[in-house]
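Participant: Need coordinates for the below:
(one chain, ligands or ions: 1)
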Amino acid sequence: MTDTVSASSAAAPVSNASWRAYLHGLPGVDEAGLRARSADLATRSIKTTAKSRMIDLAIRMVDLTTLEGSDTAGKVRAMSAKAARPDPASPDVPSVGAVCVYPDLVGTAVSALAGTGVRVASVATAFPSGRAEREVKLADARTAVAAGADEVDMVIDRGAFLAGDYRAVYEEIAAVREVCAAASLKVILETGELATFDNVRRAAWLAMHAGADFIKTSTGKVSPAATLPTTLVMLEAVRDHAATAGRRVGVKPAGGIRTTKDAFRNLVLVNEVAGSAWLGPERFRLGASSLLNDLLMQRTRVATGHYPGPDYYTLD
Ligand SMILES: O=C[C@H](O)COP(=O)(O)O
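Facilitator: Coordinates of the predicted model:
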């Protein structure tokens, strides 16, 4: 695809009118080409010799997630233990990248993961809807950071975005960026609500200009969530942003990623679209509540030639 963004786009507009002119001036997404390329890349196979390495890379990229109203401190402690040592019988299995929880459970995760190197991510800004007053959203992010979150996964105001109030969306992300201080900021676009791939591209650029460290597809609460064409559009955006603004923003597809095959398809996309600089947990994460067990099962299969029994791993 040739629809890259020009170097002059690196400076952020100021008024809503100039935001509109800028975002609507981005090259349109060729949807048929996008779908064809995603489908083509999804057919690429991974050589058997590379599979173990790819599985361990995918494990290191997992943001092991629980975002349920029924979450308890006990569940977060159990999930944190699994995040740090995914397979207690095989100490060579790497830890996951992070755990992802609601703000009130950040303290529990921070204590459980102390000294493990696993990061703690918290959703914020009235996740998943993003419907609250600005101050409430900022307080939500502040709570997470004060409790020790290393990463904040905020949702954008999709209502404002779809109404064309781009400046408000930008300002809100920038305000959360400030609250986050040293914590890494992931900006959830909730692409399943953005209606078009052009909007996904616009929201990606808006978030990157506002200071996102990562752009994330979805909350996991809206369908469709992390589809390959959507992730491809976002990978193009971070690639082009790096070329024009000199800053590498990460990408986190989240929602509906359940199998090793799904993970591999994402890794192929990263390598082919953004390049090897994104092939690590610093710049690519897989947000998932139930992917880890499949990665562990496939890892055992590659190492021993057979699958472990269905009860071998604790539930994700
Ligand atoms: O951010 C991660 C998502 O909420 C997880 O979604 P999932 O339960 O479909 O894996």
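Participant: Report the separation between the closest residue to the ligand within the chain and residue 32.
Facilitator: Residue nearest to the ligand within the chain (Cβ to the nearest ligand atom): residue 220, separated by 2.4 Å. The way it works is simple: take the backbone N, C-alpha and C, and place the C-beta from them, glycine included. Computed as Cβ to Cβ, to the nearest Å, the residue 220 to residue 32 distance reads 28 Å.
Participant: Comparing those two, which residue is more hemmed in?
Facilitator: The neighbour count for residue 220 versus residue 32, taken as other Cβ atoms under 10 Å, is higher for residue 220 (24 against 8).
Participant: next one: phi and psi at residue 296?
Facilitator: phi -70, psi -40 (degrees, to the nearest 10).
Participant: Number of residues surrounding it?
Facilitator: The criterion is other Cβ under 10 Å. On that basis, residue 296 has 22 neighbouring residues.
Participant: Please enumerate the strands of the stretch 151-300 of the chain.
Facilitator: 151-155, 184-188, 214-216, 250-252, 286-288 (DSSP state E, counting those that start in this stretch).
Participant: Take those and write them to CSV, including mean pLDDT, mean neighbour count and distance to the ligand.
Facilitator: Below are those laid out as CSV (pLDDT from 0 to 100; neighbours: other Cβ atoms under 10 Å; distance: least, Cβ to the nearest ligand atom, whole Å):
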stretch, mean pLDDT, mean neighbour count, distance to the ligand
strand 151-155, 98, 28, 7
strand 184-188, 98, 26, 8
strand 214-216, 98, 29, 7
strand 250-252, 98, 25, 8
strand 286-288, 98, 30, 3
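Participant: Out of those, which gets nearest to residue 93?
Facilitator: Nearest to residue 93, of all these, is strand 286-288, at 15.8 Å by Cβ to Cβ.
Participant: and that closest one, what does it pack onto?
Facilitator: Applying 3 or more Cβ pairs under 8 Å, 6 or more residues apart in numbering; DSSP states H and E, we find strand 286-288 packed against strand 62-65.
Participant: quick one, what contacts the most centrally placed residue in the chain?
Facilitator: Centroid check for the chain by Cα atoms, centre = their mean gives residue 252 as the closest residue, at 2.0 Å. Neighbouring residues of residue 252 by Cβ atoms under 8 Å, 6 or more residues apart in numbering: 63, 153, 186, 214-217, 284-287.
Participant: quick one: residue 127 from residue 186, how far?
Facilitator: 11 Å.
Participant: overlap in contacts of those two?
Facilitator: In contact with both residue 127 and residue 186: 153-154, using Cβ under 8 Å, 6+ apart.
Participant: who in the stretch 101-250 of the chain is up against the ligand?
Facilitator: Taking Cβ under 6 Å from any ligand atom as the contact definition, the stretch 101-250 of the chain meets the ligand at 219-220.
Participant: For residue 99, grab phi and psi.
Facilitator: Torsion angles, degrees, to the nearest 10, at residue 99: phi -110, psi 150.
Participant: Quick check: it touching residue 76?
Facilitator: Yes. Counting by Cβ atoms under 8 Å, residue 76 is a contact partner of residue 99 at 7.4 Å.
Participant: So, low pLDDT: which residues of the stretch 201-316 of the chain?
Facilitator: Across the stretch 201-316 of the chain, the ranges flagged by pLDDT under 70 are 310, 315-316.
Participant: got the contact list for the closest residue in space to residue 232 that isn't next to it in sequence?
Facilitator: Distance criterion Cβ to Cβ, 6 or more residues apart in numbering; nearest residue to residue 232, sequence neighbours excluded, is residue 38 at 5.3 Å. Neighbouring residues of residue 38 by Cβ under 8 Å, 6+ apart: 227-229, 232, 269.
Participant: do that again at 6 Å, thanks
Facilitator: By Cβ atoms under 6 Å, 6 or more residues apart in numbering, residue 38 lies in contact with 228-229, 232.
Participant: quick one: buried residues of the host helix or strand of it?
Facilitator: Residue 38 is part of helix 31-42 when elements are defined by DSSP states H and E. Neighbour-count burial for helix 31-42, counted by 16 or more other Cβ atoms under 10 Å, picks out 34, 37-38, 41-42.
Participant: Need the single longest helix in the protein, by residues.
Facilitator: If you go by DSSP state H, the chain has its longest helix at helix 228-245.
Participant: In it, which residues are buried?
Facilitator: 228-242, 244-245.
Participant: and it, what does it pack onto?
Facilitator: Using 3 or more Cβ pairs under 6 Å, 6 or more residues apart in numbering; DSSP states H and E, the elements in contact with helix 228-245 are helix 31-42, helix 197-209, strand 250-252.
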